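**Q** Sequence plus the predicted model coming up.
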Amino acid sequence: MAKDNKQEFVQHITPRDVDFSQWYTDVVLKSDLMDYTPVRGCMALKPYGYGIWELIQAEMDARFKATGHKNVAMPMLIPESLLLKEADHVEGFAPEVAWVTQGGGEVLPERLAIRPTSETIFCTMYAKWVQSWRDLPMKYNQWCSVMRWEKSTRPFLRTAEFWWQEGHTVHATAEEAQEETLQMLGVYQEFCEHVLSVPVYAGQKSDKEKFAGARATYSVEAMMQDGKALQAGTSHNFGTNFSEPFEIQFLDKDGTLKFAHETSWGTSTRMIGAVIMTHGDERGLKLPPKIAPIQVVILPIAAHKGGVNEACADIAGKLKAAGLRIELDDREGYSAGWKFNEWEMKGVPLRLEVGPRDLEAGQVTAVRRDTYEKMQLPLEGLTEKVAELLADIQRNMYDIAHAFQQAHTKVVHTMQELGEQVNGGYAKTMWCGERACEDAIKEQFSATSRNMPFDQTPVGDTCVCCGKKADKVMYFAKAY
RNA sequence: CGGGGUGUGGCGCAGCCUGGUAGCGUACGUGCUUUGGGAGCAUGGGGCCAAGGGUUCAAAUCCCUUCACCCCGACCA
């Protein structure tokens, strides 16, 4: 009986296991995160979606500051001549750049790119700002939006304009740059796992998959519930690839002029897509408490009776005072059932129901979004208990996602096994390091190399594709 | 960029084949009764039918063009 009811309530969402793409679109729209706009491929972030982004920004920015970075703001327009300075970089980004060709009714002498990423403008400024070893390291970050003229788009996962942060740093030595690159990848991993409750594989990209202009690219890769991988963040070591054409030089302690070593690293609103596809279920969005704009929704039941309103206001005040993000849903004209479904759709981690029967018993009814577990909580010490529950939900969501990731990762030794495995997860395997083998795997199975984990304990000794001696452990998967 | 699909009050759809006063559900406004898993009755407001062009006495409907979005591939955070 209860099961029939459940299906009736969620009939508005396409079931996840029937059509994952449609389910994703349904959730994004019905949970009110964003809306489509008249601008091709560009979304409007609505308050609830932007609220998630603001919390992500706050958590992440604190980590950047703690590791010695400062925020700056750069122009959104980049003169074409700057974009052309690093050959691999321009080759990688040129096809998807949007151009400004006119200003004030006049055709511009040099067209301006709307930034697809800001390496070139940062480098130009760093060339002015860096003179001496005393200026280094220079570790800046900016929060902004960038534009890439994508052919096909999907909310949060791939849009023409997207919001992100891009860190750009300058160092005196190769060692320092590499240390920075790995440190920030570590920040991303810790952030994904502890704030988003999204487990990731951290490792190094192949040459084929690395960033245009980078010497080495590292990534954190998440696993979505349809078995596809999603790159959640990247960190690049440029060496002197950019500092040479942009002439970022400094006078070192030994009195010689040297090219600086640079890094860049970025994460975007795409992480919201990762959260949706990692945690969501048949009833909609499921948000980890740390990035939930509303952590607890308080629902008065039979509000006119027995001091329910007063009790709700009191509870709301106490939870707010404790620093929790709460919503008191005292809207009239909506049934309790309607509200239950609404807040579940929006992924609110914890719901407190306050009715006359609860109050008589000196308690409230609580329902967790992660497990649907219903429990009675005494009014006495409620704030502490709610805080504990939120922390437990945060952990539990990670545990569930981690179990899923592990269950969808398998060591494979043959191309046939690899082909089967990438239909529903990661294939962990040995790879010889040759581009040709990556190309063959992509050709046959539409799967790409994701990254090489730092733990390179061999799982075999020959390449899964060509059968030659191989010493690289690589994850392959189909990816977003 | 290929293949398929959809554009009609905020949302979901019917109407189109066979041209003739733009409809239904829901949401929204108001009033009353309700409220522990998507409440009920009454009443009211809201749409040049994606855009542009054509055929016709007459176009949501037929023809052409463009745009946007969705799904599946290829390409890229």
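**A** Received, thanks. Numbering: from 1, shown residues only, chains lettered A, B, ... in the order given.

**Q** Can you tell me the SS state at residue A:394?
**A** With DSSP: H, G, I helix; E, B strand; the rest coil as the basis, the three-state label of residue A:394 is helix.

**Q** burial measure for it, as a count.
**A** 21 (other CB atoms under 10 Å). The C-beta positions use only the backbone N, C-alpha and C, and glycine is treated the same way.

**Q** What of the one 3 residues further on?
**A** The number of residues packed around residue A:397, counting by other CB under 10 Å, is 24.

**Q** What separation is there between the closest residue to it other than its chain neighbours and residue A:122?
**A** Counting by CB to CB, 6 or more residues apart in numbering, residue A:197 is the residue found nearest to residue A:397 once chain neighbours are left out, at 4.0 Å. For residue A:197, the distance to residue A:122 equals 32 Å [CB to CB, to the nearest Å].

**Q** cool, and residue A:379?
**A** 54 Å.

**Q** Could you pull up the residues touching the most centrally placed residue in chain A?
**A** Central residue of chain A (CA atoms, centre = their mean): residue A:271, 1.9 Å from the mean position. Taking CB atoms under 8 Å, 6 or more residues apart in numbering, we find residue A:271 in contact with A:56, A:192, A:196, A:198, A:232-233.

**Q** does it sit in a helix or strand, and which one?
**A** Assessed by DSSP states H and E, residue A:271 sits inside helix A:270-279.

**Q** Which helix or strand lies directly C-terminal to that helix?
**A** Past helix A:270-279, heading to the C-terminal end, the next element that is a helix or strand (DSSP H and E) is strand A:296-300.

**Q** quick one: average confidence on that following strand?
**A** Per-residue pLDDT values over strand A:296-300 give a mean of 95.

**Q** for stretch A:362-373, same thing?
**A** Here the average pLDDT along stretch A:362-373 is 96.

**Q** what does it contact?
**A** Contacts of stretch A:362-373 (CB under 8 Å, 6+ apart): A:286-287, A:315, A:340, A:344, A:347-355, A:358, A:374-380, A:382, A:386, A:389, A:393, A:396-397, A:400.

**Q** can you give me the end-to-end distance of it?
**A** 20 Å (CA to CA, to the nearest Å).

**Q** Help me confirm that residue A:188 comes into contact with residue A:268.
**A** No - contact criterion CB atoms under 8 Å: residue A:188 and residue A:268 do not qualify, at 11.5 Å.

**Q** overlap in contacts of these two?
**A** By CB under 8 Å, 6+ apart, no residue touches both residue A:188 and residue A:268.

**Q** quick one on the thing from earlier: neighbour count: residue A:379 and residue A:122, which is higher?
**A** Here residue A:379 and residue A:122 are compared on neighbour count by other CB under 10 Å; more neighbours surround residue A:122, at 26 against 17.

**Q** any idea which helix or strand carries that one?
**A** helix A:119-129.

**Q** buried set for that helix?
**A** A:119-127 (16 or more other CB atoms under 10 Å).

**Q** Check those residues against RNA strand B and report the nearest one.
**A** Using CB to the nearest atom of the strand, residue A:119 comes nearest to RNA strand B of the buried residues of helix A:119-129, at 12.5 Å.

**Q** wait, what's in contact with the closest one?
**A** Taking CB under 8 Å, 6+ apart, one finds A:86, A:89, A:168, A:213, A:238, A:242, A:264 in contact with residue A:119.

**Q** Apply 6 Å and report the result again.
**A** residue A:264 (CB atoms under 6 Å, 6 or more residues apart in numbering).

**Q** what's the answer for residue A:288, then?
**A** Counted by CB under 6 Å, 6+ apart, residue A:288 has contacts A:196-197, A:394, A:397.

**Q** Please flag which of these sit within helices.
**A** A:394, A:397 (DSSP state H).

**Q** out of the contacts of residue A:288, who's nearest residue A:443?
**A** residue A:196 (33.2 Å; CB to CB).

**Q** Quickly note the distance from the closest one to residue A:87.
**A** 36 Å.

**Q** Compare these two and say which one has the larger neighbour count.
**A** Taking neighbours as other CB under 10 Å, residue A:196 and residue A:87 compare with residue A:196 leading, 27 against 12.

**Q** The more buried one against residue A:275, yeah?
**A** Yes - using CB atoms under 6 Å, residue A:196 is in contact with residue A:275, at 5.4 Å.

**Q** quick revisit: among the contacts of residue A:271, which ones are in strands?
**A** A:232-233 (DSSP state E).

**Q** Up against RNA strand B, what does the stretch 201-350 of chain A have?
**A** Proximity of the stretch 201-350 of chain A to RNA strand B (CB under 7 Å from any atom of the strand) is limited to residues A:209, A:211-212, A:231, A:234, A:268-270, A:283, A:301-304, A:332-342, A:344-345.

**Q** Now do the same contact list for residue A:451.
**A** By CB under 6 Å, 6+ apart, residue A:451 lies in contact with A:203-205, A:219, A:221.

**Q** What is the nearest of the residues you listed to residue A:164?
**A** For the contacts of residue A:451, the nearest to residue A:164 is residue A:219 (14.6 Å; CB to CB).

**Q** for chain A, which spans come out with low pLDDT?
**A** Applying pLDDT under 70 to chain A picks out residues A:1-12.

**Q** Please indicate which of the contacts of stretch A:362-373 are buried?
**A** Buried among the contacts of stretch A:362-373 by 16+ other CB under 10 Å: A:286-287, A:315, A:340, A:344, A:347-355, A:358, A:377, A:379, A:382, A:386, A:389, A:393, A:396-397, A:400.

**Q** how would you label residue A:474: helix, strand or coil?
**A** Applying three-state DSSP: residue A:474 is strand.

**Q** What count of nearby residues applies to residue A:197?
**A** Around residue A:197 there are 27 other residues, counting by other CB under 10 Å.

**Q** now do residue A:192
**A** For residue A:192, using other CB under 10 Å, the count is 25.

**Q** how close does it sit to residue A:117?
**A** 21 Å.

**Q** which residues touch the closest residue to residue A:73 other than its chain neighbours?
**A** With sequence-adjacent residues excluded and distances taken as CB to CB, 6+ apart, residue A:73 is closest to residue A:142, at 5.7 Å. By CB under 6 Å, 6+ apart, the contact set of residue A:142 is A:72-74, A:166.
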